[in-house]
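J.: output the structure for:
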Amino acid sequence: MQLLQYADHIVFNSPRQLKLFGPRAKAAGKSVGLRINPECSTQEGHEIYDPCAPGSRLGTTRAQWDAHMTEDLFSLLDGLHFHTLCEQDSDALETTLDAVEEKFGEFLPKMQWLQSSDTAMGSVIFVASWKSIGYYSLIIIGALQSISPSIYEAAALDNSGSIRTMRKITIPMISPQLFFTLIVMTIGSFKVFDTIRLLTDGGPNNATSTIVYYIYKTVFWDNNVGRACAASVILLFCVGVLTFVYFCLLSRKVHYQ
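T.: Okay, here's the model as predicted:
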């Protein structure tokens with residue numbers, strides 16, 4: 001498996017793939033996952049595009065799991081994966097999660113990615129990044145499309161290489177969008193709550209607890225409003241300091257057209 005030299009996590013689509021290549025991946029020190037299909041489509045009229053729809057070949061159904069999964073194969077798994085379409089809001093994800101818990105819930109406590117302090121935060125970061133990458137990608141793509149092709153044509157006439165063109169033309173011209181994205185991503189990283197609440201509830205052993213989640217627990221679990229307010233002020237101060245540092249270090253490098 002050539003992927004082993006490039007990847008740290010290998011996700012298989014079926015127990016057959018897991019049986020054929022899973023032991024080699026574990027022997028190479030990689031973590032292993034299996035894609036599952038809860039057979040619950042949240043799409044009306046275009047279920048064919050939903051990877052969690054009944055009949056989808058993407059992922060292992062519970063029937064296939066019961067027919068082919070053995071103790072030896074299960075011992076190879078570090079996590080279970082599923083994909084769904086969230087075109088409107090988070091209701092589709094919630095519906096799919098309920099189906100996953102109904103059909104595969106008995107196996108989730110035995111998975112390592114969210115139950116181990118070593119991997120839980122990495123898993124939360126991956127999910128939070130995946131959830132947000134579409135929004136930031138649209139901003140960058142829109143900025144790139146706003147650059148006039150004539151500028152690149154002029155650079156080509158001057159024999160400007162691709163790396164030089166990127167450094168001298170592309171990055172400066174999209175620098176306002178990059179600067180905005182950096183600020184928003186920084187603020188968003190401090191505001192992560194729903195992902196942690198849904199996946200780990202701050203555990204295991206507070207490994208995924210953030211200051212926002214700490215504020216939530218302090219108010220609604222401990223009924224300590226004063227301490228939560230103090231933590232909120234600290235959060236505001238941290239975000240403000242980082243934003244100020246960004247403006248001091250990067251604002252002069254931002255070229256507004």
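J.: neighbours around the residue nearest to residue 225 when sequence neighbours are not counted, how many?
T.: With sequence-adjacent residues excluded and distances taken as Cβ to Cβ, 6 or more residues apart in numbering, residue 225 is closest to residue 219, at 6.1 Å. (C-beta placed from N, C-alpha, C; glycine too.) Using other Cβ atoms under 10 Å as the criterion, residue 219 is surrounded by 16 other residues.
J.: any idea of the mean pLDDT in the helix or strand that contains residue 219?
T.: Secondary structure here is read from DSSP states H and E; on that basis residue 219 sits in helix 211-220. Per-residue confidence for helix 211-220 averages out to 93 on the pLDDT scale.
J.: got the buried residues for that helix?
T.: Buried residues in helix 211-220, counting neighbours by 16 or more other Cβ atoms under 10 Å, are found at 212, 213, 214, 215, 216, 217, 218, 219.
J.: ok, the first one touching residue 189?
T.: No: in this structure, residue 212 sits apart from residue 189 without contact. The criterion is Cβ atoms under 8 Å, and the distance is 10.0 Å.
J.: touching, the residue nearest to residue 225 and residue 228? I think so.
T.: Yes: with contacts counted by Cβ under 8 Å, residue 219 reaches residue 228, the gap being 4.4 Å.
J.: can you give me the helices for the protein?
T.: Defined through DSSP state H, the helices belonging to the chain, from first to last, are 15-27, 62-68, 71-74, 91-104, 120-145, 149-157, 162-165, 171-173, 175-190, 194-199, 211-220, 225-250.
J.: which other helices and strands contact the third one?
T.: Other elements packing on helix 71-74 under the criterion 3 or more Cβ pairs under 8 Å, 6 or more residues apart in numbering; DSSP states H and E are helix 15-27.
J.: need the contact list for the nearest residue to residue 208 once chain neighbours are set aside.
T.: Distances taken as Cβ to Cβ, 6+ apart place residue 200 nearest to residue 208, at 4.5 Å, with adjacent residues excluded. Neighbouring residues of residue 200 by Cβ atoms under 8 Å, 6 or more residues apart in numbering: 114, 120, 124, 207, 208.
J.: residue 174: how many residues sit nearby?
T.: Other residues within reach of residue 174, judged by other Cβ under 10 Å, total 20.
J.: OK, contacts around the closest residue to residue 131 other than its chain neighbours?
T.: Once flanking residues are discounted, residue 131 sits nearest to residue 195: 6.9 Å by Cβ to Cβ, 6+ apart. Each residue near residue 195 by Cβ under 8 Å, 6+ apart is listed here: 124, 127, 128, 131.
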